[in-house]
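Peer 1: Just the structure for this:
(chains A, B, C and D)
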There are 2 protein chains.
Amino acid sequence: MKPYILIAEDEDALATLLEYNFQKEGYEVGVASDGDEVLVMADERTPDLILMDWMMPKLSGVEACRRLRRKSETRNTPIIMLTARGDETDRITGLDYGADDYVIKPFSTPELLARVRAVLRRTQPGLLDDIIRHGDIEIDVKAFRVRRGETEIHLGPTEFRLLDHFMRHPARVFSREQLLDAVWGRDVYVEARTVDVHIGRLRKALKKAGGGDPIRTVRSAGYAFEIKTKGA
Amino acid sequence: MKPYILIAEDEDALATLLEYNFQKEGYEVGVASDGDEVLVMADERTPDLILMDWMMPKLSGVEACRRLRRKSETRNTPIIMLTARGDETDRITGLDYGADDYVIKPFSTPELLARVRAVLRRTQPGLLDDIIRHGDIEIDVKAFRVRRGETEIHLGPTEFRLLDHFMRHPARVFSREQLLDAVWGRDVYVEARTVDVHIGRLRKALKKAGGGDPIRTVRSAGYAFEIKTKGA
DNA sequence: TATATGTTTCACAAAATTGTCACTATATGA
DNA sequence: TCATATAGTGACAATTTTGTGAAACATATA
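Peer 2: Reported below is the predicted structural model:
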């Protein structure tokens, strides 16, 4: 539900600082300390954005960048490079290999955050929105509210995150495992069938506010959120 | 704290003129020169009011307007549109997308300033003086007073700052940690649950003056201040 | 120093939420 | 149509989270 940012930085102090600041800003953060690790971690969970140090052990930032561009999951994942001051050659090379933006060290945290937001906005429209609407259903993530038509809907935390996830990826079918990963978290051991129960609870809550069932069951595959929108 | 006005205007000469005049009038001013930049800047610091040119590069004023309305921080930020003379169609479209007022170019500076004051007074009471009001609850920051309806309420310093914070960010859910940061201070070591106790006291004090509980508990997330006002 | 005022922590009760299971309902395909 | 796999759902015990009174502590004031 939160945007997931992968930070690749071998300098511990900086990595920790960045992790702290991004978490505080509401992102989920993964930290990789060399080029190899970035690739592994990006494989485990596709990040919404990668922040990559130019100089790293094992595999340089450029090279990691190039490899990421060769995998279909990360082909379009935005990458922001962190580089030392003033190397124009690097700048050009990096952009060639598919970085989306550059930040020159040293940088201020607000500046970096702004760049990240700008890139996310450009590449993943809707990811940063905190009010999402589909048909007559609207959620406000900052206010933790759900409405359907005129009716306020109360959801438990899990149902809320579930709906949030669905509404950010409408019409797409998710397996129970994918939902557990995205909504519960990747390291929780929970029965897959538990998803069914929460889907049921979410459906009941949405139904109580009137209107059809926006969640489609895809037998032997999973669930998808779909709602016929009439107007904009 | 001066009101912060964000000016979105691609024509340099006009932008500079506006900046100068508003600063002279005691506002803090940010200038964005295209539609994208408005979004970025509004993200960095939520403006108290946005002055937006109708025609801008990259992202038109209307579109920027629409996007701003999708973020909870800027959902209610007043927007004044600057448009070329006489386009009634635009006027209607713009109001649809949530602009609060219109000023037709060319305009006189005093006229614009007056419009801005009017809109600020209407939408952000307490910004120009030090009184904030929501529903029947009113706080006077300078005088350190709280009233609900006709009743004076006495609050301890912490409860006062807590209410102040809530009323400046209505409807938004804050975690206990965020509240500690904002109300207690960045570097205080206090148990998160202490917030609960102060919320409880604040609630009790507000209840004693009659009316419903304006503080909403959001399980596993935090608290939000919300008061049902009937009119817009 | 005594008193008033306000803050923090703690402990326990109350309430909401969760995950699992058992059972039922429904779809699928031979 | 029947057998089988898959999904829906009510119940419930365990867990998590919140509300709150009271004690301990802190600070200012007379």
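Peer 1: Got the domain ranges for chain A?
Peer 2: By the assignment in automatic domain parsing, chain A contains the domains A:4-123, A:131-225.
Peer 1: The longest one and chain B, are they touching?
Peer 2: Yes - part of domain A:4-123 sits near chain B under the criterion Cβ under 8 Å from any Cβ of the partner chain, namely A:110, A:113-114, A:117-118, A:121-122. Placement of C-beta: from N, CA and C, glycine included.
Peer 1: Name only those of those that count as buried.
Peer 2: Buried members of the residues of domain A:4-123 next to chain B, scored by 16 or more other Cβ atoms under 10 Å in any protein chain shown, are A:113, A:117-118, A:121.
Peer 1: I'd like the list of the residues you listed that fall within strands, please.
Peer 2: Nothing among these maps onto strands, per DSSP state E.
Peer 1: isn't A:G61 right next to A:L51, touching?
Peer 2: No - counting by Cβ atoms under 8 Å, A:G61 does not reach A:L51; the two are 10.2 Å apart.
Peer 1: what touches both of those two?
Peer 2: Common contacts of A:G61 and A:L51 (Cβ atoms under 8 Å, 6 or more residues apart in numbering or on different chains): A:8, A:82.
Peer 1: Quick check: residues of chain A near DNA strand D?
Peer 2: Proximity of chain A to DNA strand D (Cβ under 7 Å from any atom of the strand) is limited to residues A:193, A:196-197, A:199-200, A:203-204, A:217-222.
Peer 1: Between those residues, which sits nearest A:F166?
Peer 2: A:I199 (9.6 Å; Cβ to Cβ).
Peer 1: what sits against the closest one?
Peer 2: Residues near A:I199 by Cβ under 8 Å, 6+ apart: A:162, A:215, A:223.
Peer 1: Most neighbours among those residues, please name it.
Peer 2: Within the contacts of A:I199, neighbour counts (other Cβ atoms under 10 Å in any protein chain shown) peak at A:L162, which reaches 26 neighbours.
Peer 1: Find the helix or strand that that residue is a member of.
Peer 2: Using DSSP states H and E, A:L162 maps to helix A:157-168.
Peer 1: Among the domains of chain A, which comes closest to DNA strand C?
Peer 2: The closest of these to DNA strand C is domain A:131-225. By Cβ to the nearest atom of the strand, the value is 2.8 Å.
Peer 1: Let me see the mean pLDDT of stretch A:189-209.
Peer 2: For stretch A:189-209, mean pLDDT is 96.
Peer 1: what does stretch A:163-174 give?
Peer 2: So the average pLDDT for stretch A:163-174 ends up being 93.
Peer 1: Can you point out the buried residues in it?
Peer 2: In stretch A:163-174, counting by 16+ other Cβ under 10 Å, buried: A:163-168, A:170, A:174.
Peer 1: continuing past the helix or strand of chain A with the lowest mean pLDDT, what's the next helix or strand?
Peer 2: The helix or strand of chain A with the poorest confidence is helix A:88-96; it has a mean of 56 (mean pLDDT, DSSP states H and E). Using DSSP H and E, the helix or strand that follows helix A:88-96 in sequence is strand A:101-104.
Peer 1: List the contacts of the closest residue in space to A:D12 that isn't next to it in sequence.
Peer 2: In space, and not counting its chain neighbours, A:D12 is closest to A:S33: 7.6 Å by Cβ to Cβ, 6 or more residues apart in numbering or on different chains. Neighbouring residues of A:S33 by Cβ under 8 Å, 6+ apart: A:8-10, A:12, A:15, A:56-57.
Peer 1: How many residues are close by whichever residue of chain A sits closest to chain B?
Peer 2: Nearest to chain B, among the residues of chain A, is A:K142, at 4.0 Å (Cβ to the nearest Cβ). A count of neighbours around A:K142, defined by other Cβ under 10 Å, yields 18.
Peer 1: Hmm, it is touching A:D129, no?
Peer 2: No - if you go by Cβ under 8 Å, A:K142 and A:D129 don't touch, sitting 10.2 Å apart.
Peer 1: before we move on, back to that, lowest-confidence entry in the residues of domain A:4-123 next to chain B?
Peer 2: For the residues of domain A:4-123 next to chain B, the pLDDT minimum is A:P110, 67.
Peer 1: if I pick the nearest residue in space to A:M81 that is not next to it in sequence, what's in contact with it?
Peer 2: Of all residues not flanking A:M81 in the chain, A:A99 sits nearest, at 4.4 Å (Cβ to Cβ, 6+ apart). The neighbourhood of A:A99, defined by Cβ under 8 Å, 6+ apart, consists of A:52, A:65, A:79-81.
Peer 1: let's see 7 Å
Peer 2: A:65, A:79-81 (Cβ atoms under 7 Å, 6 or more residues apart in numbering or on different chains).
Peer 1: Distance check, the residue nearest to A:T46 when sequence neighbours are not counted against B:F107.
Peer 2: Leaving aside its sequence neighbours, A:T46 sits nearest to A:E73 (Cβ to Cβ, 6+ apart; 4.8 Å). Per Cβ to Cβ, to the nearest Å, A:E73 is found 52 Å from B:F107.
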